[in-house]
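**Q** here are the coordinates; sequence isn't available:
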């Protein structure tokens with residue numbers, strides 16, 4: 001592959017210095033792909049309005065088609081950060097208004113495009129904030145294919161659409177996980193549980209490999225629910241809001257099963273983490289899959 005800068009007729013954000021990632025990658029067969037370090041885009045999903053699409057200006061690559069706000073990644077930038085930055089620059093998407101759900105990667109070897117699928121948590125109106133957007137629109141899922149789509153997005157859309165109903169969640173038995181390692185946790189149950197909460201928050205930020213969840217694609221960001229009991233009920237909520245803390249009023253096992261059942265009722269695919277045999281059987285009867293504590297330790 002060869003790296004070439006933009007042609008004179010292909011302007012890219014004239015303001016400020018150009019990023020080293022803003023260059024074309026040209027394959028041996030002459031195909032051109034934007035982004036020296038790959039590219040990333042955001043598929044924002046609003047439960048009421050559909051998905052956010054960008055009508056590309058005529059001078060852009062595959063101009064006058066509809067696709068996702070996105071662009072070249074910076075050197076060392078994660079796919080998630082790149083998609084959020086580009087969508088903010090091109091469509092005014094507030095980073096705190098969406099919650100990542102999964103990353104789908106198209107990789108040809110030497111270049112890749114990563115699609116971040118994210119759920120809208122706070123409704124917002126997109127804003128044309130740079131020269132690359134001709135129009136921005138919320139498009140109902142059933143109407144996307146009626147638009148003239150960017151070829152890359154058109155090829156990936158059937159696969160991405162099939163994943164939209166998949167919403168994984170992890171329900172963690174805090175007492176069982178904390179008690180699995182003899183590190184003195186019994187002297188400070190709340191403190192040990194706080195460490196687990198913070199480790200889960202870090203996992204929420206980097207995501208879980210799809211193979212570990214028995215799901216397709218690359219990386220998923222499941223909803224994380226930490227069920228605490230006893231003295232650990234004093235645990236504070238996660239400051240970043242990435243982990244939802246559920247405090248058991250009575251038996252911890254009952255609260256864990258109830259949390260799993262509530263998520264299943266919302267259409268979530270639930271993985272519960274515990275090594276307690278009796279609790280595992282109850283969870284499986286509630287149509288949750290179960291992973292042992294050692295599985296979660298491996299993810300953390």
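**A** Thanks, I have it. For clarity, every value in this text was computed on a predicted model and none was experimentally measured.

**Q** What segments of the stretch 101-250 of the chain are strands?
**A** Under the criterion DSSP state E, counting those that start in this stretch, the stretch 101-250 of the chain contains strands at 112-120, 133-139, 168-173, 208-209, 219-220, 223-228, 243-247.

**Q** packing partners for the fifth one?
**A** By that I understand strand 219-220. strand 98-107, strand 208-209 (3 or more C-beta pairs under 8 Å, 6 or more residues apart in numbering; DSSP states H and E). The C-beta positions use only the backbone N, C-alpha and C, and glycine is treated the same way.

**Q** rewinding a little: for residue 267, which of the strands of the stretch 101-250 of the chain is the nearest?
**A** Among these, the nearest to residue 267 by C-beta to C-beta is strand 168-173 (10.1 Å).

**Q** contacts for that closest one?
**A** Strand 168-173 has contacts (C-beta atoms under 8 Å, 6 or more residues apart in numbering) with 196, 200, 213, 215, 220, 222-227, 252, 256, 259-260, 263, 268-274, 276, 279, 288, 293, 296.

**Q** same deal with stretch 74-86?
**A** 19-21, 36-42, 69-73, 93, 95, 98, 100, 103, 105, 114-116, 118, 207.

**Q** any idea of the mean pLDDT for that stretch?
**A** Stretch 74-86 carries an average pLDDT of 93.

**Q** That stretch: which residues count as buried?
**A** Within stretch 74-86, the residues that count as buried by 16 or more other C-beta atoms under 10 Å are 74, 77, 78, 79, 80, 82, 83, 84, 85, 86.

**Q** With secondary structure and distance to residue 144 added, can I get those in JSON lines?
**A** Shown next, in JSON lines, are the buried residues of stretch 74-86 (DSSP: H, G, I helix; E, B strand; the rest coil; distance: C-beta to C-beta, whole Å):
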{"residue": "74", "secondary structure": "coil", "distance to residue 144": "29"}
{"residue": "77", "secondary structure": "coil", "distance to residue 144": "27"}
{"residue": "78", "secondary structure": "coil", "distance to residue 144": "26"}
{"residue": "79", "secondary structure": "helix", "distance to residue 144": "22"}
{"residue": "80", "secondary structure": "helix", "distance to residue 144": "23"}
{"residue": "82", "secondary structure": "helix", "distance to residue 144": "23"}
{"residue": "83", "secondary structure": "helix", "distance to residue 144": "18"}
{"residue": "84", "secondary structure": "helix", "distance to residue 144": "21"}
{"residue": "85", "secondary structure": "helix", "distance to residue 144": "24"}
{"residue": "86", "secondary structure": "helix", "distance to residue 144": "20"}
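
**Q** can I get those in CSV with distance to residue 236?
**A** Converted to CSV, the buried residues of stretch 74-86 look like this (distance: C-beta to C-beta, whole Å):
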residue, distance to residue 236
74, 35
77, 32
78, 28
79, 31
80, 26
82, 32
83, 31
84, 27
85, 31
86, 34
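
**Q** which one of those sits closest to residue 142?
**A** Residue 142 has its nearest neighbour among the buried residues of stretch 74-86 in residue 83, at 24.0 Å by C-beta to C-beta.

**Q** in the protein, which spans are helices?
**A** Secondary structure of the chain (DSSP state H): helices at 79-91, 151-163, 174-178, 189-206, 252-265, 277-285, 293-299.

**Q** follow-up on the earlier one: so for residue 60, which of the strands of the stretch 101-250 of the chain sits nearest?
**A** Of these, the one closest to residue 60 (C-beta to C-beta) turns out to be strand 133-139, at 9.0 Å.
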